[in-house]
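Participant: Sequence plus the predicted model coming up.
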Amino acid sequence: QLQLVESGGGLVQPGGSLKLSCAASGFTLDYYAIGWFRQAPGKEREGVSCISSSGGRTNYADSVKGRFTISRDNAKNTVYLQMNNLKPEDTAVYYCAAVHLYCATGMSRYKYWGQGTQVTVSS
């Protein structure tokens, strides 16, 4: 079964950090770019960050630049999202998704999606 599984979410105070993981099973991530997306209650899903299949290209939403870092370990078939200096507005369900080779602008191009992990930033 081909799937992505997110983990690492939780409750954290403002200013705190979390590291999300996106692990693939049933297929190798070597040829896939991985995007992180999030959806807050009552809002549309939005792109947060993406990393190309080689890891050579990354991009970030303006709202998270300088605070979030995306990385990958193809040997572990896993992509990470390090989130620092978290803010209440970062509260959302975070999803990872896979698209062939390069990051895509349209979410519909992402072939595989995880079930999401909840991140709550609150004091």
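Facilitator: Alright, I've got the coordinates.
Participant: What's the local residue count around residue 1?
Facilitator: Residues lying near residue 1 (other Cβ atoms under 10 Å) number 5. (Each C-beta comes from the backbone N, C-alpha and C, glycine too.)
Participant: just checking, it touches residue 27?
Facilitator: No. Under the criterion of Cβ atoms under 8 Å, residue 1 is not in contact with residue 27, lying 9.7 Å apart.
Participant: And the strands in the chain?
Facilitator: Ranges of strands in the chain, per DSSP state E, are 3-7, 10-12, 18-25, 32-39, 46-51, 58-60, 68-73, 78-83, 92-100, 112-113, 117-121.
Participant: any chance of these in TSV, with distance to residue 106, mean neighbour count and mean pLDDT too?
Facilitator: Listed next are those as TSV, based on distance: least, Cβ to Cβ, whole Å; neighbours: other Cβ atoms under 10 Å; pLDDT from 0 to 100:
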stretch	distance to residue 106	mean neighbour count	mean pLDDT
strand 3-7	18	17	96
strand 10-12	30	14	98
strand 18-25	19	19	96
strand 32-39	11	24	98
strand 46-51	10	22	98
strand 58-60	14	16	97
strand 68-73	19	18	97
strand 78-83	19	23	98
strand 92-100	9	22	97
strand 112-113	14	16	95
strand 117-121	23	18	98
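Participant: which residues touch the closest residue to residue 59 other than its chain neighbours?
Facilitator: Among residues not flanking residue 59 along the chain, residue 50 sits closest, at 5.3 Å (Cβ to Cβ, 6 or more residues apart in numbering). With contacts defined as Cβ atoms under 8 Å, 6 or more residues apart in numbering, residue 50 is in contact with 33, 34, 35, 36, 58, 59, 70, 103.
Participant: ok, those vs residue 9, which is closest?
Facilitator: For the contacts of residue 50, the residue nearest residue 9 by Cβ to Cβ is residue 36; the value is 11.7 Å.
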